[in-house]
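Trainee: Next input, structure requested:
(one chain, ligands or ions: 2)
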Amino acid sequence: METAAPSAVIVAIDGPSGTGKSSTSKAVAAKLGLRYLDTGAQYRAITWWMITNGVDTDDPHAIAVAAGKPGIVSGTDPAAPTITVDGLDASGPIRTQEVTSKVSAVSAVPEVRTLITELQRSIAASAQGGIVVEGRDIGTTVLPDADLKIFLTASPEARAARRSGELRGKEATDLAATKEALIKRDAADSGRKTSPLAKAGDAVEVDTTELTLDQVIECVVTLVEEKRAGRK
Ligand SMILES: Nc1ncnc2c1ncn2[C@@H]1O[C@H](COP(=O)(O)OP(=O)(O)O)[C@@H](O)[C@H]1O
Ligand SMILES: Nc1ccn([C@H]2C[C@H](O)[C@@H](COP(=O)(O)OP(=O)(O)O)O2)c(=O)n1
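Mentor: Ligands and ions are numbered 1, 2, ... in the order given. Below you'll find the model as predicted:
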């Protein structure tokens, strides 16, 4: 594995759905001139490919056999992140409720995780000025030597309200159903055998329930700046 330039800072941001990982990571990366990687989008992309290619997402063996087939490419500009599968823009289709409901099963397959983890490490290693990588297992498994690890949390109620606010107008949804789906996905992601959703021992935990997005961004920017200044 290549290593990033010496001045580069690598930030890992993990946590369950709706805690603000994507919004925070993108904004922090843009403010600090870092690249940005949404690893959830990569697991969504492979899930979308499985669905569109008729692979049974309840069959781990079928998923494992097909895992190496799709070519997933992530663009890491925080102002305009992109994701393509075999050259096709997948940014829209990976956000459907069908993909959301199947992504935990697909991402629990060890062969999928091995391939996507390798991809993530190579992207991080080639990010010259540094990168913010967000997901579930970045601090624990993908980049255990990250300069700074953040673990975002928020109450299930706050997370469901945020998610259902996003979905409104796109697909039929209600708050209770959103909360239930979110809790079910968290349980699957935290309970899987291979690199489950977990807080790294050396991660800084930030509860965002009562914080605005701007406050969370400010908090993480300060932590990165402190790291860069070598004060912590
Ligand atoms: N602290 C916050 N307060 C209120 N809304 C937030 C906060 N953080 C994020 N959001 C909103 O919640 C939704 C989910 O945030 P997102 O960054 O996608 O979370 P995650 O990546 O953890 O799933 C987005 O619409 C975002 O604007
Ligand atoms: N590093 C990661 C990132 C995501 N995943 C899986 C588990 C998550 O439920 C799905 C989707 O992640 P994503 O970050 O897009 O989910 P949310 O935007 O938080 O709803 O991917 C993972 O297993 N490991």
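Trainee: Now name the helix or strand holding the residue lying closest to residue 196 once chain neighbours are set aside.
Mentor: In this structure, residue 196 finds its nearest non-sequential neighbour in residue 190, 5.3 Å apart by C-beta to C-beta, 6 or more residues apart in numbering. In short, each C-beta sits where N, CA and C put it, glycine included. Following DSSP states H and E, one finds residue 190 within helix 175-191.
Trainee: give me the number of residues near the residue nearest to residue 82 when sequence neighbours are not counted?
Mentor: Nearest residue to residue 82, sequence neighbours excluded (C-beta to C-beta, 6+ apart): residue 75, at 3.4 Å. Residues contacting residue 75 under the criterion other C-beta atoms under 10 Å number 13.
Trainee: Residue 75 reaches residue 90, doesn't it?
Mentor: No - if you go by C-beta atoms under 8 Å, residue 75 and residue 90 don't touch, sitting 11.5 Å apart.
Trainee: List the contacts of the most centrally placed residue in the chain.
Mentor: Centroid-nearest residue in the chain: residue 135, 2.8 Å away (criterion: C-alpha atoms, centre = their mean). With contacts defined as C-beta atoms under 8 Å, 6 or more residues apart in numbering, the neighbours of residue 135 are 13-14, 21, 38-40, 120, 142.
Trainee: Packing partners of the helix or strand of the chain with the lowest mean pLDDT?
Mentor: Least confident element among the helices and strands of the chain, by mean pLDDT, DSSP states H and E: helix 156-167 (a mean of 86). When contacts are defined as 3 or more C-beta pairs under 8 Å, 6 or more residues apart in numbering; DSSP states H and E, helix 156-167 sits against helix 175-191.
Trainee: could you point out which element follows the helix it packs on?
Mentor: By DSSP H and E, the next helix or strand past helix 175-191 is strand 204-207.
Trainee: Specify the beta-bridge partners of the residue nearest to the centre of the chain.
Mentor: residue 14 (DSSP bridges).
Trainee: What separation is there between it and residue 33?
Mentor: Distance, residue 135 to residue 33, using C-beta to C-beta, to the nearest Å: 21 Å.
Trainee: rewinding a little: pLDDT score assigned to the residue nearest to residue 82?
Mentor: Residue 75 is assigned a predicted lDDT (pLDDT) of 98.
Trainee: do the same with residue 155
Mentor: At residue 155, pLDDT is 96.
Trainee: Let me know the closest of the contacts of residue 135 to ligand 1.
Mentor: Within those, the smallest distance to ligand 1 is 3.4 Å, found for residue 21 (C-beta to the nearest ligand atom).
Trainee: and the nearest residue to the closest one once chain neighbours are set aside, what pLDDT?
Mentor: Excluding its sequence neighbours, the residue lying closest to residue 21 (C-beta to C-beta, 6+ apart) is residue 134, at 4.3 Å. pLDDT recorded at residue 134 is 98.
Trainee: just the helices in this protein please.
Mentor: Per DSSP state H, the chain carries helices over the ranges 21-32, 39-52, 60-66, 97-107, 110-125, 156-167, 175-191, 213-228.
Trainee: deepest of the ones you listed, which one?
Mentor: Of the helices of the chain, the one with the most neighbours on average (mean count of other C-beta atoms under 10 Å) is helix 39-52, at a mean of 23.
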